[in-house]
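**Q** Need the 3D shape of this:
(chains A and B)
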Amino acid sequence: DAGVIQSPRHEVTEMGQEVTLRCKPISGHNSLFWYRQTMMRGLELLIYFNNNVPIDDSGMPEDRFSAKMPNASFSTLKIQPSEPRDSAVYFCASRNRDSAEAFFGQGTRLTVV
Amino acid sequence: AQSVTQPDIHITVSEGASLELRCNYSYGATPYLFWYVQSPGQGLQLLLKYFSGDTLVQGIKGFEAEFKRSQSSFNLRKPSVHWSDAAEYFCAVAPNNAGNMLTFGGGTRLMVKP
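**A** Model prediction:
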C-alpha cells in the first residue's frame, strides 16, 4: 500500500483565495483525521470522520474551514477565503476499525500571502 | 476529555548517551498510548504503542516505553542515541474504544550532539 496520500505537497496562495487540500486514506481504513501543525499551537485535530461521517468537527477554527468525505477513499479540506494565519502544515491520517494506530500522510505545507 | 503533556519542549543529548522523553496523560481510564516521531519535512511515523498487557513495550529504532498507571505516564527511552534520532517526538493518547480520536502532546524536539 502506498500509505496515506496528500496533495498538493506545497501550496502558496494569495489571501482571499479558496484552497482545497486532498487526502486519499489507506484502503480499508474507516477513520480519517485532519490535523493542522504550527509552531505556536503544535498539532491540532481539526475534524475526524468514521465511515465517511464527520464525528467531531469542534477543532475546525472557523466557518471558513469545511471538510468532506464523499467516499471511503477520498477527503477534502477547504478554506474559503484563506487568510495568512491559515499558513501551516496540514496532515491527513487514517486508521482501521481494529486498531487505534493512525497512519499519517506527508502533509501539505500551505502558505497564504 | 483526554489530554497529553510533554513537559520538555527541547532536549539535547550527546550521541551514545541514554535518552528519556517524558509524557503524562489525563484520562479517566487506561487509554491507548502512542509515541510518534517526525523528521523535518515529514509526516509522523509510529514508534510504538501500548494497548494492554506488559507495561514495557518495544518499538522500532531501538526505542521502548513504559506505561506507569500510578503516575499516568508513558515515557520513551533509548539506551544509546544516534545522530539520526534527532527529530521531534510526539506522545499521543486515544480512549480505549473504537472510533475514537487521537490527542497529541505538544512534542519534544530532540537534538543530538556529536
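
**Q** Neighbouring strands - and their directions - for the lowest-mean-pLDDT helix or strand in chain B?
**A** Ranked by mean pLDDT, DSSP states H and E, the weakest helix or strand in chain B is strand B:103-104, scoring a mean of 88. Paired strands of strand B:103-104, with direction, are strand B:87-94 (antiparallel) (DSSP bridges).

**Q** how about the following helix or strand past the least confident helix or strand of chain B: buried residues?
**A** Heading C-terminal from strand B:103-104, the first helix or strand you meet, by DSSP states H and E, is strand B:108-113. Within strand B:108-113, the residues scored as buried using 16 or more other Cβ atoms under 10 Å in any protein chain shown are B:108, B:110, B:112. Heads up, the C-betas are built off the backbone N, CA and C, glycines and all.

**Q** Can I get those residues in JSON lines including distance to residue B:80?
**A** Below are the buried residues of strand B:108-113 laid out as JSON lines (distance: Cβ to Cβ, whole Å):
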{"residue": "B:108", "distance to residue B:80": "18"}
{"residue": "B:110", "distance to residue B:80": "14"}
{"residue": "B:112", "distance to residue B:80": "11"}
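
**Q** Among those, which one sits closest to residue B:54?
**A** residue B:108 (24.3 Å; Cβ to Cβ).

**Q** which residues touch that closest one?
**A** B:6, B:8-11, B:21-22, B:88-90 (Cβ atoms under 8 Å, 6 or more residues apart in numbering or on different chains).

**Q** Buried among the residues you listed? Make that a PyMOL selection.
**A** Only the buried entries of the contacts of residue B:108 go into this PyMOL selection, using 16+ other Cβ under 10 Å:
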select buried, chain B and resi 6+11+21+22+88+89+90
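
**Q** Restricted to strands, list the contacts of residue B:108.
**A** B:10-11, B:21, B:88-90 (DSSP state E).

**Q** which one among those residues gets closest to chain A?
**A** residue B:90 (6.7 Å; Cβ to the nearest Cβ).

**Q** Hmm, that closest one is touching residue B:38, no?
**A** Yes - between residue B:90 and residue B:38 there is a contact at 6.7 Å, judged by Cβ atoms under 8 Å.

**Q** and for these two, which residues touch both?
**A** With Cβ under 8 Å, 6+ apart as the test, residue B:90 and residue B:38 both reach B:44, B:107.

**Q** Give me the below-cutoff pLDDT ranges for chain B.
**A** B:96-100 (pLDDT under 70).

**Q** now the residue sitting nearest the centre point of it, nearest residue through space, not along the chain?
**A** The centre of chain B sits closest to residue B:35, judged by Cα atoms, centre = their mean, with a distance of 3.4 Å. Counting by Cβ to Cβ, 6 or more residues apart in numbering or on different chains, the nearest residue to residue B:35 once its immediate chain neighbours are dropped is residue B:47, at 4.4 Å.
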